[in-house]
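Colleague: sequence below, structure please.
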Amino acid sequence: MTFEDFLIPKTLDEAREALETLGDRGYALAGGTAFQYVADRPGATAVDITRLGLRGIDRTADGFRIGATTTLTDLVRYRAEGWVLDRVATRIPTHQVRNISTVGGNISRLFPWSDLPLALLVLEGRVVVSSDEERTYEALEFFTAQPLNRFGPGTLVTAVIVPAVAPPLGFGFKKESTTNAAFSLMTAAAAITLAGDRLDKVRLAANAALPVPMRLTEAEAALEGRPADPALFEAAIERGMAGLEWHGREGMSDEFARHLAAVILRDVLEEALRAAKGGAE
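Modeller: Numbering: from 1, shown residues only. Sure, this is the predicted structure:
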């Protein structure tokens, strides 16, 4: 993407007004790491949103509110009881990308390598969007389609809300790539909430080998209410994977992508279960 003009609004209202006026020629710009994948458009104007006070992480009563221009490095460096997004962000290569890429940018355009949407899907996070009025979307609703195509000009993601994670809730995340800086071959995340020795709630999501981040709801349904036994995971994963088209990347076949998905999905379920029981993550 090549920009012909550059605006630096000082307030959220100014930014929204500029983007609404520009229409399809206006692009909200924070980190800008995704624009190399966007085709040029005549008269394209970048609207810098990094000066709108949208950067930072605030502890809330039950979790965290993260501003849209918070960088991935901010996520890695933040420390608090119940905080798990550092484990996701640290797997997003490289240091240079993490230093400039933002939370809002990572979730507003969905790519096979988008990682934060997986965490939001399994943790049942929420996304705050500002247009004529502020609205909060559940992650599952927000990611049902490409977010960039769902909202009109002048609409901006302003924050993300995630719960704190502590037993009986456990979180698991894993990303497989050929090298640290390569795009992911397969990424998965899981969240498990226990009720005694049973699986009360299970959330499982995958990406990279799928076109967009996706929850495997059939696998979740197959596990909820069952004993907290890893021996049940394989059959549930097969049920959840049925009918989905798995795509090989970085030279691997589609068949291998499906096999890799099954392995990594089991890994994140087992990790989430250990964490839900209070074990080592």
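Colleague: give the other helices and strands that the worst-scoring helix or strand of the chain on mean pLDDT contacts.
Modeller: Taking mean pLDDT, DSSP states H and E as the measure, the chain has helix 147-150 as its least confident helix or strand, at a mean of 79. Under the contact criterion of 3 or more Cβ pairs under 8 Å, 6 or more residues apart in numbering; DSSP states H and E, helix 147-150 touches helix 103-108. All C-beta atoms are positioned from the backbone trio N, CA, C, and that covers glycine.
Colleague: beyond the helix it packs on, next helix or strand please.
Modeller: Using DSSP states H and E, the next helix or strand after helix 103-108 towards the C-terminus is helix 116-122.
Colleague: state which strand of this protein is the longest.
Modeller: strand 184-195 (DSSP state E).
Colleague: name the helices or strands packed onto whichever helix or strand comes after that strand?
Modeller: Counting by DSSP H and E, the next helix or strand C-terminal to strand 184-195 is strand 198-207. With contacts taken as 3+ Cβ pairs under 8 Å, 6+ apart, strand 198-207 sits against helix 116-122, strand 184-195, strand 214-215, helix 217-223, helix 254-276.
Colleague: just to revisit the earlier point, list of residues touching the least confident helix or strand of the chain?
Modeller: For helix 147-150, contacts defined as Cβ atoms under 8 Å, 6 or more residues apart in numbering pick out 107-110, 157.
Colleague: any idea which of the residues you listed is closest to T178?
Modeller: L110 (22.0 Å; Cβ to Cβ).
Colleague: I'd say that closest one and L118 touch.
Modeller: No. In this structure L110 lies outside contact range of L118 using Cβ atoms under 8 Å: 10.8 Å.
Colleague: higher neighbour count, those two?
Modeller: L118 (28 against 19; other Cβ atoms under 10 Å).
Colleague: so how far is L269 from that one?
Modeller: Taking Cβ to Cβ, to the nearest Å as the measure, L118 and L269 are separated by 13 Å.
Colleague: what's the longest strand of the chain packed up against?
Modeller: Strand 184-195 packs on helix 116-122, strand 169-177, strand 198-207, helix 254-276, going by 3+ Cβ pairs under 8 Å, 6+ apart.
Colleague: to G240, which of those lies closest?
Modeller: Here strand 198-207 is closest among those (Cβ to Cβ), at 6.6 Å.
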